[in-house]
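1. predicted coordinates and the sequence they were generated for:
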Amino acid sequence: MPVNSEAVGRTYGPFEPYEVTRVKIREFADAVDAYSGAHRDVAVAQAEGYADLVAPTTFAVVIAQQAEFHVVADPEVGVDFSRVVHAEERFTHVRPLVAGDVILTTVHIESIKQRAGISMVTTRAELADEDGAPVSTVLSTLAVREPQESEEAK
């Protein structure tokens, strides 16, 4: 059964705040081989004009994916996560994420397109600070392979 295209336009959140910490920034920087001293050393980050450690630009995906899980978990949308392949991620940043930020995220289902047995589900995660000021937008597309007739018969 394909993903429910009538779910387009649904909104989820905002969710429990996500606190950006120095430890999380350093761990993510290590994971993605981001070598800037501003990701690891507060003095370097402050010398570059940041209040604290600055996260690599793709760090926003950590926050966005936690919120996007609510779309995947919604039975009315019908995403079978065992059939998901990540297709695309795009970022628009208003400002960098820094240690000490507390971020609230709202997720919107932007589109669901079905073709050749695959549903392409695009979400838009809006990350904002505690005052509601925008920080980043993350557009994410998941490719959801639909079961074949032989699989459905099992």
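-> Yes, it's here. Because the structure is predicted, anything quoted here is derived from the model rather than measured.

2. ok, now which ones touch the residue sitting nearest the centre point of the chain?
-> With distances taken as C-alpha atoms, centre = their mean, the residue of the chain nearest its centroid is residue 64 (2.4 Å). Listed by C-beta atoms under 8 Å, 6 or more residues apart in numbering, the contact partners of residue 64 are 105, 107, 125, 127, 138, 140. From N, CA and C alone the C-beta is placed, and that goes for glycine too.

3. chain center to the helix or strand hosting the fourth one, what's the gap?
-> In the assignment (DSSP states H and E), residue 127 maps to strand 118-129. The offset between the C-alpha centroid of strand 118-129 and the centroid of the whole chain comes to 7 Å, using C-alpha atoms, centre = their mean, to the nearest Å.

4. could you do stretch 126-145 as well?
-> 6 Å.

5. in that stretch, what's buried?
-> 126-129, 135-142, 144 (16 or more other C-beta atoms under 10 Å).

6. start and end of that stretch, how far apart?
-> 26 Å (C-alpha to C-alpha, to the nearest Å).
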